[in-house]
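J.: Provide a 3D model corresponding to the input given below.
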Amino acid sequence: MAAANTAVSSNISSVNGQKSYPAALSILTTLFFMWGFITCLNDILIPHLKSVFSLNYTQVMLIQFSFFTAYAIVSLPSGMLVEKIGYKNGIVVGLVTAGIGCLLFYPAAGYQSYLIFLVALFILASGITILQVAANPYVAILGKPETSSSRLNLTQAFNSLGTTIAPLFGSLLILTLTVKTAEDFKLMTNEEITAYKLAEASAVQVPYLGLAAALFIIAAFFAVIRLPKIEASDISASGGNGGSFDHHFNSAWKYKHLVLGAVAIFVYVGGEVSIGSFLVNYLGQPFIAGLKEADAGTYVSIYWGGAMIGRFLGAISLSELTNKIKKTLFTAAVFVLAVVLALYITKEFQNFSSFSFSGFSKTLIFFGFVLLNYFAFQLGKRKPGRTLAILAGVASLLVIISMLTTGHLAMWTILAVGLFNSIMFPTIFTLAIDGLGKHTGQGSGILCTAIVGGALIPVLQGFFADNIGIHHAFFIPVLCYMYIAFYGLKGHKHNYSTVKV
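T.: I've put the predicted structure just below:
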């Protein structure tokens with residue numbers, strides 16, 4: 001999932017006379033894991049609540065609307081709150097708020113109220129928004145400025161780990177109840193139907209109570225530990241041509257490459273979330289894979305796990321590492337991780353006793369897409385804009401192939417999109433704030449607000465899914481990726497994106 005990076009120039013006081021940054025970074029990494037995990041659980045909630053409340057696709061996408069609207073509404077107030085109470089206290093408030101949102105899932109299930117579920121999701125997302133505003137500056141300053149991007153990539157990798165594990169967790173605990181069809185309900189009494197609906201709704205109670213407990217425990221931990229103190233100061237120039245632009249611009253909104261970047265963030269988050277939100281129902285279609293909800297839910301981990309694999313490959317390919325042996329070893333390790341992930345999720349590791357290529361077909365298919373992802377990074381030649389355009393172009397092509405085909409080809413091409421989503425968010429973010437100078441802070445806030453695309457675009461795709469079918473409604477993400485490709489090729493360039501005033 002997307003995690004905003006805020007460039008902050010800060011002063012740090014030592015902890016007990018020593019700067020224990022690795023320990024502090026390790027503690028903060030748990031937050032990135034948690035909000036990635038919680039955000040991705042929405043992909044499991046969507047098919048579950050669709051069945052519980054007999055919703056159409058437009059109605060069920062209000063789950064993502066409620067969740068991601070919090071970014072638009074809460075981001076700016078969160079910034080003011082964190083400035084007032086401090087970053088560490090902001091983390092505690094964010095964790096407690098998210099915990100309260102999780103607790104509300106209990107009465108929502110008990111009363112079988114979709115409205116309470118939506119309110120709970122908004123409060124939960126509000127807590128995560130506060131966490132992002134408070135935690136990202138810590139990561140940015142815990143070490144040398146020249147290695148800040150490396151630290152952010154590391155924490156985002158753990159965010160991706162959370163999004164990979166969440167579908168497996170949710171499928172096991174939430175999607176285990178056998179789904180009843182309309183024909184099944186005709187054979188059941190009213191009492192049996194009521195009992196079934198209650199059992200379906202209550203399936204979310206225990207998992208979210210557990211998440212609430214975990215969030216409250218982490219909040220208590222952060223309340224008592226000592227972390228390096230951040231005192232927000234003026235944001236320094238971000239490099240590039242920022243200094244020369246400051247004479248011409250009074251507001252970040254007048255930087256066209258920032259505005260176009262905000263649109264790119266909007267459509268990126270919207271496209272990524274839309275695909276993840278529809279995967280369980282899409283893979284359950286008879287003409288795609290015909291999977292049961294619980295089985296389809298585990299395959300969502302391939303989509304989000306692909307983003308994690310792609311992020312690791314991107315970090316290696318785009319790094320300044322010159323030692324070819326180390327680079328090769330790191331790349332090989334990522335390939336091994338990809339194989340292990342595919343073997344576990346597809347359960348093909350059970351075939352080791354009778355090895356055959358046909359027995360490991362799913363793993364081989366995924367590995368083939370990983371290789372394609374690797375070559376896409378090589379074609380990018382370590383140029384962020386070029387790499388972004390190539391990855392977005394491939395992602396768009398994969399979605400088109402899925403729309404125009406059926407069966408396993410349609411299934412694996414849509415799952416493989418996750419690999420190419422990997423570095424899009426941080427790359428767009430970095431390109432958009434380049435050259436803003438003293439307006440970098442405002443620009444970062446604008447980009448964070450653009451995450452609201454995750455609220456609006458899934459609802460739009462839900463509308464088309466209800467009217468033209470789920471298969472062809474994926475033209476919405478295609479348009480999103482096409483715009484991102486444009487931004488990588490041309491939209492981010494200063495000579496294109498600036499005007500004189």
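
J.: can you give me the neighbour number for the closest residue to residue 360 other than its chain neighbours?
T.: Beyond its immediate neighbours in the sequence, the residue positioned closest to residue 360 (C-beta to C-beta, 6 or more residues apart in numbering) is residue 348, lying 5.2 Å away. Every C-beta, even on glycine, is put in place using the N, C-alpha and C of the backbone. Neighbours of residue 348 under the rule other C-beta atoms under 10 Å: 17.

J.: all strands for this structure, in order.
T.: Taking DSSP state E as the criterion, the chain carries its strands at 10-13, 229-232.

J.: if we can go back for a sec, test my guess that the residue nearest to residue 360 contacts residue 366.
T.: No - under the criterion of C-beta atoms under 8 Å, residue 348 makes no contact with residue 366, lying 10.0 Å away.

J.: spell out which residues are contacts of both of those two.
T.: Counting by C-beta atoms under 8 Å, 6 or more residues apart in numbering, the common neighbours of residue 348 and residue 366 are residue 342.

J.: my guess is residue 403 contacts residue 470, does it?
T.: No - counting by C-beta under 8 Å, residue 403 stays clear of residue 470, with 10.3 Å between them.

J.: number of residues surrounding the nearest residue to residue 446 once chain neighbours are set aside?
T.: In this structure, residue 446 finds its nearest non-sequential neighbour in residue 262, 5.3 Å apart by C-beta to C-beta, 6+ apart. When neighbours are counted by other C-beta under 10 Å, residue 262 registers 23.

J.: okay, residue 262: pLDDT?
T.: On pLDDT, residue 262 comes in at 93.

J.: how close does it get to residue 459?
T.: As judged by C-beta to C-beta, to the nearest Å, residue 262 and residue 459 stand 19 Å apart.

J.: residue contacts, residue 427?
T.: Contacts for residue 427 were tallied using C-beta under 8 Å, 6+ apart; they are 384, 387, 388, 488.

J.: which one of these is nearest to residue 342?
T.: residue 387 (24.0 Å; C-beta to C-beta).

J.: if we ignore the residues flanking it in sequence, what's nearest that closest one?
T.: Nearest residue to residue 387, sequence neighbours excluded (C-beta to C-beta, 6+ apart): residue 380, at 2.9 Å.

J.: correct me, but that neighbour touches residue 390?
T.: Yes - contact criterion C-beta under 8 Å: residue 380 and residue 390 qualify, at 5.4 Å.

J.: shaky segments in the stretch 151-300 of the chain?
T.: 151-154, 175-187, 192-198, 201, 229-250 (pLDDT under 70).

J.: and if you look at the stretch 301-450 of the chain?
T.: Residue ranges of the stretch 301-450 of the chain with pLDDT under 70: 320, 349-359, 441.

J.: mind doing that once more with 80?
T.: Along the stretch 301-450 of the chain, segments meeting pLDDT under 80 span 318-322, 348-359, 436-445.

J.: sorry, back to before: how much space separates the residue nearest to residue 446 from residue 209?
T.: For residue 262, the distance to residue 209 equals 37 Å [C-beta to C-beta].

J.: equivalent analysis for residue 483, please.
T.: For residue 483, the distance to residue 209 equals 41 Å [C-beta to C-beta].

J.: how about residue 72?
T.: For residue 72, the distance to residue 209 - C-beta to C-beta - is 29 Å.

J.: quick one: which of these two has more around it?
T.: Between residue 72 and residue 209, counted using other C-beta under 10 Å, residue 72 has the larger neighbour count: 18 against 14.
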